[in-house]
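Trainee: any chance you can model this:
(chains A and B, ligands or ions: 2)
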Amino acid sequence: MSKPGLYMDGVSVVFDGFRALNNLSLIVDPGELRAIIGPNGAGKTTMMDVITGKTRPTAGTVRFGDADLTRMDEARIANLGIGRKFQKPTVFDALTVFENLELALKAPRDPWSCLRWALGGEARKRIETVMEEIGLSARAGDPAAILSHGQRQWLEIGMLLMQDPDLLLVDEPVAGMTDQETEHTAALLRRIAGTRSVVVVEHDLEFVRALNSRVTVLHEGTLLSEGSIDTVQNDPRVIEVYLGR
Amino acid sequence: MSATTAPAGTTRGIPARQILRGAILIAILLLALLPLLNHLPADSAFRVSDFTVAVTGKWICYAVLALAIDLAWGYAGILSLGHGAFFALGGYAMGMHLMRLIGPRGVYGHPVLPDFMVFLGYRELPWYWLGFDHFPYAILMAMVVPGLLAFVVGYLSFRSRITGVYFSIITQAMTYALMLAFFRNDMGFGGNNGFTDFKQLLGVPLNTQGARAGLFYAALALLAGSLVLCRHIVGTKLGRVLVAVRDAESRVRFLGYSVTAFKLTVFVLSAVLAGLAGALYVPLVGIINPGEFAPGNSIEAVIWVAVGGRGTLIGALLGAFSVNALKTWLTSVAPDLWLFVLGGLFVAVTVFLPRGLIGLFRSAAK
Ligand SMILES: Nc1ncnc2c1ncn2[C@@H]1O[C@H](COP(=O)(O)OP(=O)(O)OP(=O)(O)O)[C@@H](O)[C@H]1O
Ligand SMILES: [Mg+2]
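Mentor: Ligands and ions are numbered 1, 2, ... in the order given. Next up is the predicted model:
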């Protein structure tokens, strides 16, 4: 079975008369890596809210494969295979790094299964592999509360990997990371894409260039430009509203 | 998962956790001795009075209620200010059983109907009283009725994402509404007098040393069982999801967990435990009336947990015993002061001891 793609058409979100998204259309193919840029308030996070069920669109279609995402709640959408990393990293402070990853690990999500859950060797290995990947192996037993901002970013990326989703929505992943970590993140996302779709929102253009992917520019809730990083960087409309400033 | 737990505080090499565990074990053993000491001759220095046994038994039931509240509040962040209602409903279920066991020994001597029904002119037993002559049925109802109420209130609230103080207010309203309902004579629950003058339980006459000891041990067993169950739950992935719900409810949804299902599970379980506690409480104190639904009762129980330290289970027990000990002592020397002390205690704990007595102990152990 082929993996599903993301299809948004004519999506609008209105908050008290303010159009956060305005007739936005976007298609992300299965396995595609897509970068989204745009000035503050362009609607990038709102777009992710709509895809993940946090915000209901005022109008428009949002589909993931055959599934109509506008009719589902957050948990169902997540179980469909859509994972999200938030702009403000949100991890569970009272739980350890290991436990955070364990909660994210793909497994039955009902209370009864969680009560009966026993961590098997394979699951442990997966968690350890991801901890290695995100550089937090030495912090396995530390509560997430004492991690630095960058480490929290990593932990949330790790949780995303544990979910093993078909579509990853990654909102500003490299804020608070060192140059080296930023490079590592770009490499990681490039590697993940291919077997699954990845949508990355980021302001850091160096990072976006490193992703080496198609770029979509949002402005005032609509699509302003789309193409390779060089194409959009030379698009006069983009230069006017975003890059020129 | 020893590999992933943070190291506990230590005193001279002994982990604080083990000191605590030892203290609990000793406390339970000492409690278990009380009914035995009650059998000593009256002039013995170690004799424990009937009153002490009865009062301690009552506290044990309160401790189970506190444990139930802590499971929902301390772990899942569900602050119920209506747990007194679940406790009282469990109590009423047991009360109905005890009333039916009175049989023809009532003042009016009716073979089936309790005195208050004869007095109110009932011709026959209301349908919802049927079955309560059987002990297992009464115990079942002491769990099912609170559980069902918690399910309905919880489902409607959690599904609509009513959280925090709004949920607390709903649960206060729930217990208040039940109090008003149970005060009514036409409800068939004895109106404001409730049930009392119980004669026997499981063939044993109440108000005897043996019955008191039996009830005491039953309550102690319930407490130990509840503690083991709660400990087990919070140690599983279910418990960790609950903590995650407490700290970042919406984030849990994006991981694919149904927050409603988890909250409902813990809330219903908590209500069932509270109901069982109430069911054991009633034969111990010999009376149940609508006053048990008073909103203040539920608030007081939450204060026990806050004082002991929420989210620790042991703290709930510590809080229930210490606050009630204080109350028993204070109401004998200065009864008018109690509410002020209780309020002051709550404020003081919130401001100075946000992690409760247990937090104090833990930082002292470090
Ligand atoms: N719940 C809400 N209610 C009202 N307005 C909102 C809400 N959510 C977002 N907005 C508004 O919608 C607009 C788009 O916000 P959004 O967060 O999607 O922008 P963004 O592109 O992610 O910006 P940034 O780069 O700063 O993260 C902003 O003007 C914001 O104030
Ligand atoms: Mg944003």
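Trainee: B:Tyr62 contacts B:Asn297, doesn't it?
Mentor: No. Taking contacts as C-beta atoms under 8 Å, B:Tyr62 lies outside contact range of B:Asn297: 10.1 Å. In this view, the C-beta of every residue, glycine as well, is placed from N, C-alpha and C.
Trainee: more neighbours: the two, which one.
Mentor: B:Tyr62 (25 against 20; other C-beta atoms under 10 Å in any protein chain shown).
Trainee: residues contacting that one?
Mentor: Listed by C-beta atoms under 8 Å, 6 or more residues apart in numbering or on different chains, the contact set of B:Tyr62 reads B:Ala277, B:Tyr281, B:Ala301, B:Trp304, B:Ala320, B:Asn324.
Trainee: what residues are up against the first one?
Mentor: For B:Ala277, the contact set (C-beta under 8 Å, 6+ apart) comprises B:Cys61, B:Tyr62, B:Val64, B:Leu65, B:Ala68, B:Phe87, B:Gly90, B:Leu222.
Trainee: and which of those residues is nearest to A:Gly221?
Mentor: B:Ala68 (48.6 Å; C-beta to C-beta).
Trainee: restricted to strands, list the contacts of B:Tyr62.
Mentor: Using DSSP state E to define strands, no part of these is located there.
Trainee: how about those residues in CSV, adding pLDDT and distance to A:Gly83?
Mentor: As requested, those are arranged in CSV below (pLDDT from 0 to 100; distance: C-beta to C-beta, whole Å):
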residue, pLDDT, distance to A:Gly83
B:Ala277, 97, 42
B:Tyr281, 96, 48
B:Ala301, 95, 40
B:Trp304, 94, 41
B:Ala320, 94, 43
B:Asn324, 92, 48
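Trainee: of the residues you listed, which belong to helices?
Mentor: B:Ala277, B:Tyr281, B:Ala301, B:Trp304, B:Ala320, B:Asn324 (DSSP state H).
Trainee: so the fourth one is in contact with B:Ala325, correct?
Mentor: Put plainly, it is B:Trp304. No. With contact defined as C-beta under 8 Å, B:Trp304 does not count as touching B:Ala325 (11.0 Å).
Trainee: please say which of those two ends up with more neighbours.
Mentor: Using other C-beta under 10 Å, the more surrounded residue of B:Trp304 and B:Ala325 is B:Trp304, with 28 against 13.
Trainee: name the nearest residue to the most centrally placed residue in chain B, sequence neighbours excluded.
Mentor: The centroid of chain B falls nearest to B:Leu65 when counting by C-alpha atoms, centre = their mean (1.9 Å). Nearest in space to B:Leu65, with sequence neighbours left out and distances taken as C-beta to C-beta, 6 or more residues apart in numbering or on different chains, is B:Ala277 at 4.7 Å.
Trainee: re earlier: of all the contacts of B:Tyr62, which two lie farthest apart?
Mentor: The two members of the contacts of B:Tyr62 with the most space between them (C-beta to C-beta) are B:Tyr281 and B:Trp304, at 14.5 Å.
Trainee: and the closest residue to ligand 2 within the stretch 201-350 of chain B, what does it touch?
Mentor: In the stretch 201-350 of chain B, no residue comes nearer to ligand 2 than B:Phe254, which is 15.4 Å away by C-beta to the ion. B:Phe254 makes contact with A:Thr52, A:Lys54, A:Glu74, A:Ala78, A:Gly83, A:Arg84, A:Phe86, according to C-beta under 8 Å, 6+ apart.
Trainee: again, only using 10 Å
Mentor: Neighbouring residues of B:Phe254 by C-beta atoms under 10 Å, 6 or more residues apart in numbering or on different chains: A:52-54, A:74-75, A:77-78, A:82-86, A:90, A:104, A:159-160, A:163, A:169, B:248.
Trainee: just the residues you listed: which are in helices?
Mentor: Under the assignment DSSP H, those contribute A:Glu74, A:Ala75, A:Ile77, A:Ala78, A:Ala104, A:Met159, A:Leu160, A:Gln163, B:Ala248 to helices.
Trainee: in the stretch 51-200 of chain B, what residue comes closest to ligand 1?
Mentor: B:Arg161 (14.9 Å; C-beta to the nearest ligand atom).
Trainee: any idea how far that residue is from ligand 2?
Mentor: As for B:Arg161, its distance to ligand 2 is 23 Å (criterion: C-beta to the ion, to the nearest Å).
Trainee: which of the helices or strands spans that residue?
Mentor: Using DSSP states H and E, B:Arg161 maps to neither a helix nor a strand.
Trainee: correct me, but it touches B:Val245?
Mentor: No. The criterion here is C-beta atoms under 10 Å, and B:Arg161 misses it with B:Val245 at 11.9 Å.
Trainee: overlap in contacts of the two?
Mentor: Common neighbours of B:Arg161 and B:Val245 (criterion: C-beta under 10 Å, 6+ apart): B:Arg253, B:Val259.
Trainee: ok, these two, which is more surrounded?
Mentor: B:Val245 (24 against 13).
Trainee: any residue of stretch A:219-231 up close to ligand 1?
Mentor: No. Stretch A:219-231 lies out of reach of ligand 1 by C-beta under 6 Å from any ligand atom, never closer than 7.1 Å.
Trainee: in that stretch, what counts as buried?
Mentor: A:His219, A:Gly221, A:Thr222, A:Leu223, A:Leu224, A:Ser225, A:Glu226, A:Ile229 (16 or more other C-beta atoms under 10 Å in any protein chain shown).
Trainee: kindly report the same for stretch A:227-245.
Mentor: A:Ile229, A:Val232, A:Gln233, A:Asp235, A:Val238, A:Val241, A:Tyr242.
Trainee: can I get the CA coordinates of that stretch in PDB?
Mentor: Written as PDB, here are the backbone C-alpha positions of stretch A:227-245 (Å, rounded to 0.1, in the frame of the first residue of the first chain):
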ATOM      1  CA  GLY A 227       9.800  26.300  -5.800                       C
ATOM      2  CA  SER A 228      13.500  25.600  -5.000                       C
ATOM      3  CA  ILE A 229      15.200  27.800  -2.500                       C
ATOM      4  CA  ASP A 230      16.900  29.800  -5.300                       C
ATOM      5  CA  THR A 231      13.700  30.300  -7.100                       C
ATOM      6  CA  VAL A 232      11.900  31.700  -4.100                       C
ATOM      7  CA  GLN A 233      14.800  33.800  -3.000                       C
ATOM      8  CA  ASN A 234      14.800  35.500  -6.300                       C
ATOM      9  CA  ASP A 235      11.000  35.900  -6.500                       C
ATOM     10  CA  PRO A 236      10.400  39.700  -6.400                       C
ATOM     11  CA  ARG A 237       7.200  39.300  -4.300                       C
ATOM     12  CA  VAL A 238       9.100  37.200  -1.700                       C
ATOM     13  CA  ILE A 239      11.900  39.800  -1.600                       C
ATOM     14  CA  GLU A 240       9.400  42.500  -1.000                       C
ATOM     15  CA  VAL A 241       7.400  41.000   1.900                       C
ATOM     16  CA  TYR A 242      10.100  38.900   3.500                       C
ATOM     17  CA  LEU A 243      13.600  38.700   2.500                       C
ATOM     18  CA  GLY A 244      14.100  42.300   1.600                       C
ATOM     19  CA  ARG A 245      13.500  43.500   5.100                       C
END
